Structure formats: structure tokens, C-alpha cells
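[1] below: sequence and its predicted model.
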Amino acid sequence: MRKKYIKFGLLILCSLTFILFSSCNKTSKEKEKEIKIDLSIYEKGDYFISPQELKPLLGSENLILLDCNNPKIYAKEHIKGAIGIGFHAFSKKVGKPGDPGWGTIKSKEELAKKLISLGIDNEKTVVLYSDLFKGPGADGRGAWQLRLAGMDNVKILHGGSSYWKELGYEMTKDITVKPTPSTGVTLKDYDRTFMATKDEVFENLDKKMIIDVRTKKEFDGSQNAGEPRGGHIKGSKHLHWRDLLNENGTLKTPKEIEKIMGKMGISKKDDFTLY
């Protein structure tokens, strides 16, 4: 199954499952011990890191933790040691939304400069997260962009900060974190097989499935999120990206995701584009 993305990598349709045994009268530590998350059985399981795996890494020189929330949310609370990078840290922002190239991934040279400034290299573990219920899921987009550039040391925090807090893990307001620039980073040419240009989408309007993962209001024409034009691409189907998540921000099981996609007439063998 090959999936292409226009500008935004909001969805990573990897399979992820977990076994959760808990009750309301147990402490967070007791809940943590009973939670078992197995990512190894999934084809793209290495895209994720669990809160339990991340917690002991906090404070390590080998970890770069990036908060992709709105700066206002970051200032209110974030995981200790996280660097706030906002929504579009790795995207071009010259001009305004709708202008040619706006919101697409930076050039390889510019991206390398940005990563170096954040202390990122090819060896340290880079983890991105966001509050999936207070933002557009920019951690997924950022991780997708870095994966395009060959950064296989990049991971997404499973469940984001909402699941982190559900486990009783600490948040802070400390914003004194200042990254130390790395000595360099090596990027590969972008993997174009996981991207779709505007021209490619236009040429295949009646041939390949297109899925609009924004809110239903945006799909129907709302421009409240800053879109220069209202509406959706002709022939596209709607699937809000949060429909693939559980109430705590974790991904639904593989069977649940397959069922959701199946109702839209999509199977694992299909080639489709998300935006």
C-alpha cells in the first residue's frame, strides 16, 4: 500500500495496538505497570515511541524532544526538556497560505540549517509530540518531513501529551530550554514516492482516491483555519484524521483502522493521496 501526502503528513496509517488493564481506583504507577504496548509487530512500528520508553530518556544528551503545539499551549505546559517549535518548523513560510510553495517542506539546505540549530544530528533520538486535541497534529507532519529526508532516528510520541498526562507523567511550564547546535546533519534527497504535487493530483482526479483529512467544516467550505479558499478538491472523500484515534490520543487498532478505510472503499493495496 502506498500513500502520498500533499504538504501535510497528518496521518501515519501504521498499525498500533495495546493491551490496557486499569481501574479508576489504581494509581498511575500501577496503571503504568499493567500497560503493555508492542510496536514491533507493525511494519512501521519504529515510527513511534511509547511514553514508557520516552520517560527514562528525559534529560539525556542523546534525546532531542520537540513540542509541536501552538506556542501558547507550549508556554502553558509541556514535557520537561522539550523545545517548542510550533506548527511549521520544517516548512516554507514565505508569503501567505495559498502562495506557491507555502507550507511545503524546506529545501534540503534550509532544513539542514534548521535541524543543526535545534541540536539534531543523525545519531540522537528525535521525538516529536503535540496535544492531538488542541492542534492540527503537527508532530505527524514534522516526523513525516524528516523521514522524507532519510532521518530514521525520528519518532512520534504515541498518544501525544494527552496520553502522557493520562499516565500521570509530569508536565512543566519551564521554558528555559535552549538547544545547543549540533556539529552537522546528513540528509538524503527527499523520497518523492510519498509526496504528491498539485499537478500530479490534478492529472489523476478521476483515477486515484483523494482523502481530505481536515475537519468537516473545512471540507464543507469553512476558512477559519486560514485557508485562502474554501471547499475541497473535486472528488475527494472526507475522513477527519482524529477519527483514527482513541479518546486518549492513541491510535486505533489495525482492525479498526482497516474497517474505517474499508467503509470508504479503500484497501491496503490501493494508492491514495491525503491532504
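    Noted; the coordinates are in hand.

[2] pull out the buried residues from stretch 87-103.
    Neighbour counts over stretch 87-103 (16 or more other CB atoms under 10 Å) mark F87, H88, A89, F90, S91, K92, W102, G103 as buried. Placement of C-beta: from N, CA and C, glycine included.

[3] check contacts around the third one.
    Going by CB atoms under 8 Å, 6 or more residues apart in numbering, A89 touches L66, C68, K114, G142.

[4] let me have those in CSV, extended by distance to S267 and secondary structure.
    Below are these laid out as CSV (distance: CB to CB, whole Å; DSSP: H, G, I helix; E, B strand; the rest coil):
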residue, distance to S267, secondary structure
L66, 34, strand
C68, 31, coil
K114, 37, helix
G142, 28, helix
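
[5] distance to K124 added to the buried residues of stretch 87-103, as CSV?
    Supplementary listing: those in CSV, determined by distance: CB to CB, whole Å:
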residue, distance to K124
F87, 23
H88, 22
A89, 16
F90, 16
S91, 22
K92, 25
W102, 30
G103, 27
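
[6] phi and psi next, for L65.
    When read as degrees, to the nearest 10, the backbone of L65 gives phi -110, psi 120.

[7] could you report the neighbour count for G159?
    Counted with other CB atoms under 10 Å, the burial measure for G159 works out to 25 neighbours.

[8] quick one: it and P51 touch, right?
    Yes. G159 is in contact with P51 according to CB atoms under 8 Å; the separation is 6.7 Å.

[9] hey, what's F48 bridged with?
    Beta-bridge partners for F48, by DSSP bridges, are I156.

[10] wait, doesn't it sit right on H158?
    Yes. Checked against CB under 8 Å, the pair F48 and H158 is within contact range at 4.6 Å.

[11] select the helix or strand of this protein having the lowest average pLDDT value.
    For the chain, using mean pLDDT, DSSP states H and E, the weakest element among its helices and strands is strand 17-19, scoring a mean of 25.

[12] low-confidence ranges, the protein, go.
    Under the criterion of pLDDT under 70, the regions of the chain flagged as low confidence span 1-37, 39-42.

[13] three-state assignment of the spatially most central residue of it?
    For the chain, the residue whose C-alpha lies nearest the mean C-alpha position (CA atoms, centre = their mean) is G140; its distance is 0.9 Å. What DSSP: H, G, I helix; E, B strand; the rest coil gives for G140 is helix.

[14] my read: it touches H158, true?
    No. Proximity of G140 to H158 does not meet the contact threshold set by CB under 8 Å, at 11.5 Å.

[15] now do the domain split for the chain, please.
    Under automatic domain parsing, the residue ranges defining each domain of the chain are 13-166, 192-274.

[16] rewinding a little: how about the buried residues of stretch 87-103, which pair is most distant?
    Between all members of the buried residues of stretch 87-103, the longest pairwise span (CB to CB) is found for A89 and W102 and amounts to 14.6 Å.
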